[in-house]
Each structure stands twice: as structure tokens, then as C-alpha cells.
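Novice: no sequence on this one, just coordinates:
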């Protein structure tokens, strides 16, 4: 047996209508085709929590070294060194250990007052207005300022870097993302690297320039320039895009659930768990890709070696086998393990930072605006298949 396609189960990551609300498609896959093959785009997909969790842990058969994005895997483009999320051991082990130095719990905790200051700067000027945009005024600002501060990007260039990273992930409606060998090289950071080499500071760029480590060959060395450029590109992309989406989904979901939003305004101690439930309910990245290194049998279906497979994180996070009434948003839910940040050796290094930014942003919004409603006529989802979220999310404030 080689396929389990069911007529009613269909998923296309480039279908705009599906992307607007992928959860009915995900539910059909979980029920009818848990090991799904899309013949048009030639990829496989797993949709159940247990299967995705197992695949994320199995880095020998479901490998990351061909890329974590469907288009990259199918293009067969060699991954430049330093793309932590697109590496396998032993290289991944070395690079993750190196980068983990700059995302320690202590460093993240030290960032919280600055993140709060960024939120205050964004939100205070909006007090007294009829509304604001969760993306333009907050989601596109706070993550950009935070990751730029960490990296050492001058304030005058922060929007340029954010917009360049964002543009690289854009897709034409219904079309795969265009990728090339220059897709992940981070050349836009070249001038910053040269400047920081002459003007060191307390930032990730300086840390990477000065880091000494033992690589996978046993050689003690410093990072090459091309490795540093790639590191910076990956960190900038992850820091800007995903947390922006988290803030946007927080605004949308709590507009849709006003009773729970008002409960959070009354009791801010509930906010950390609410952010965890937002991350489960609407993960910024609906899926992650892997390359299948050898034939794998799942539920009686053989996924052949050489295939590209999508692990549908958004589906796994709504798996009714894992959570009762999984399609219901509940700030009191015992959330437990979610798939949003991956698992195993590729668990997201920036997870604690994203959670902290989401929590602080919501705390500061609720202090000023305990009630808001999304202007659905003007809200617009982004046109990308890699992350899912809002390009614009205007809200009116006041009783709702």
C-alpha cells in the first residue's frame, strides 16, 4: 500500500481559500487521510498530533538538512552553513550549542523591561484614539525593535531589514514561493558585520564575531563571515515574522472572544496561559517541512524515501485525540505540550523570547484598551504559505 488519499480530504498550502481557514481541511485529513499525499504539488503531510510529534523527534528519517520549507526541499538547493533550523547532526549540534549562548533564560529575562518600553512607546500615543492596527502599530514594531536590539541593527535601518525579510517570504496568490541559492544567505547584513567588527557592542552580532567553538571536524575556530551572515538572516526572519503573527492572532482571537478578553483585563495573572492557548489555537507557522531520508511506514502507508513531507503543526494543535473540544479557544485550558515551536533537537531557541513578547504586548494593550473589535472589512491576511497571520488588523476600541 502506498497511498491513503481520501476523496473528501484535500490540502493545498497555496490555496488562498483554504489558508483563510485551514481547520476544516485539517480535520478532514486527521479523520480520513492521516498520511496524505498531494499529487499536484507532490508532497506528503501528517496531520495528527502523535504522528507529527514522533516525526519531529525522528531527525534521522525526517531530516532538516534539505530545508524546512516545501519549496526549498523540492528545489534541492544546498543549504548554506549556519541555518540552524535547516541542519542535521553533527553540524546542527555544534551550531545550536553556539547560538544557545545568546538566547539564555537570563538574557531573555533581562530583555523584558526593554520590550515593555517598546510596547509603551507604541501604545501610549494611541490612547484617546478610536482605534489602532494590531500589526502596523504593534506587531510590526515591537518584534522588529526587539530583535534589532539583540542583533545590533541601527534604528535607522530596522524597518528596511524587517521589510526585506518579509518580502522574501511573500508568495503570489495560489503560487509556491520563489527560492534560489541566495534566498538564505543574509547578504543584506554584510555592511553591519563590517561595522561591528570595528565597533564591537553588547549584541548578537558582536558575540558571533568573537565566538570560538569546536566544529564538527574537531577544529577549534571562529565563525566564517558567510556563516555569520546566514545566522543573522535566520534570527532576523524568525524574530520579526513569527512574533508579529502571534501578536496579530492575539488581537483577532480576543476580539472574537470578548468575555475571555475582559476576564484577562480583570486578572492579568491569566495572561501567560492565554498566550499559550493562542499559540495552540493559531500557530504563526501552520506547518514545517522535512525530507524523508528512507521509506517510512505510518498507519499502513509507505512514505517513500526522497519525498517532501509537511508536518501540519496547526492541525496537530487542534487534534481532538489530544485536547477535548480542541476547536474551542479557552484561556483556562490545561494546554500542555504544543507543536508550535517544534520539538526535539529543533525546538525553537527563541520560544521563550516569543512568549515573553506576546505576554508583555497583551498586558500593555489590556491596560489601555480592555475592549476592542476587529474591523473585518479592512483586515487582511498575509499572502505567504510559510507563516500564517495578518498583514493588517485594524480594531475599534471601546465597549464590544
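Specialist: Done, it's in. In this text the structure is predicted, and so the values were computed from the model without any measurement.
Novice: quick one: residue 258 and residue 371 touch, right?
Specialist: Yes: between residue 258 and residue 371 there is a contact at 7.0 Å, judged by CB atoms under 8 Å. Placement of C-beta: from N, CA and C, glycine included.
Novice: where exactly do the helices run in the stretch 201-350 of the chain?
Specialist: 204-210, 225-256, 258-266, 271-281, 313-316 (DSSP state H, counting those that start in this stretch).
Novice: Contacts only, for the closest residue to residue 23 other than its chain neighbours.
Specialist: In this structure, residue 23 finds its nearest non-sequential neighbour in residue 318, 5.9 Å apart by CB to CB, 6 or more residues apart in numbering. Residue 318 makes contact with 23, 26, 27, 281, 326, 327, according to CB atoms under 8 Å, 6 or more residues apart in numbering.
Novice: let's go with 10 Å and repeat that
Specialist: Applying CB atoms under 10 Å, 6 or more residues apart in numbering, one finds that residue 318 lies in contact with 22-23, 26-27, 30, 47, 49, 280-283, 312, 326-328.
Novice: Please apply the same query to residue 360.
Specialist: Counting by CB under 10 Å, 6+ apart, residue 360 makes contact with 111-120, 142, 146, 271, 275.
Novice: and what of residue 388?
Specialist: Residues in contact with residue 388 (CB under 10 Å, 6+ apart) are 13, 19-20, 22, 245, 248-249, 282-287, 314, 381-382.
Novice: try residue 377
Specialist: Residue 377 neighbours (CB under 10 Å, 6+ apart): residue 394.
Novice: go on, residue 327?
Specialist: Contacts for residue 327 (CB under 10 Å, 6+ apart) come out as 23, 24, 26, 27, 281, 318, 320.
Novice: most surrounded residue in these?
Specialist: Among these, the one with the most neighbours (other CB atoms under 10 Å) is residue 26, at 26 neighbours.
Novice: picking that back up, what two of the contacts of residue 388 are the furthest from one another?
Specialist: 13 and 248 (19.2 Å; CB to CB).
Novice: hmm, back to that, among the contacts of residue 318, which one sits closest to residue 130?
Specialist: Taking those together and measuring to residue 130 by CB to CB, the closest member is residue 282, at 26.0 Å.
Novice: I figured the closest one was touching residue 338, is that so?
Specialist: No: in this structure residue 282 lies outside contact range of residue 338 using CB atoms under 10 Å: 11.3 Å.
Novice: what residues are shared contacts of the two?
Specialist: Residues touching both residue 282 and residue 338 (CB under 10 Å, 6+ apart): residue 317.
Novice: Between these two, which has more neighbouring residues?
Specialist: Per other CB under 10 Å, whichever of residue 282 and residue 338 has more neighbours is residue 282, with 23 against 20.
Novice: In contact with that one, which residues?
Specialist: 23, 245-246, 248-250, 252-253, 314, 317-318, 329, 340, 388-389.
Novice: swap in residue 310?
Specialist: Applying CB under 10 Å, 6+ apart to residue 310 gives the contacts 11, 13, 36, 38, 41, 43-47, 52, 68-70, 73, 286-290, 385.
Novice: quick one: low-confidence parts of this structure?
Specialist: 1-7, 79-86, 102, 165-186, 399-400 (pLDDT under 70).
Novice: any idea where the strands of it begin and end?
Specialist: For the chain, the strands defined by DSSP state E cover 35-38, 43-46, 62-63, 131-133, 212-214, 220-222, 288-292, 296-298, 301-303, 308-311, 372-374, 380-381, 390-392, 394-397.
Novice: out of those strands, nearest to residue 160?
Specialist: Nearest to residue 160, of these and by CB to CB, is strand 390-392 at 18.1 Å.
Novice: What strands line up against the closest one, and which way round?
Specialist: strand 380-381 (antiparallel) (DSSP bridges).
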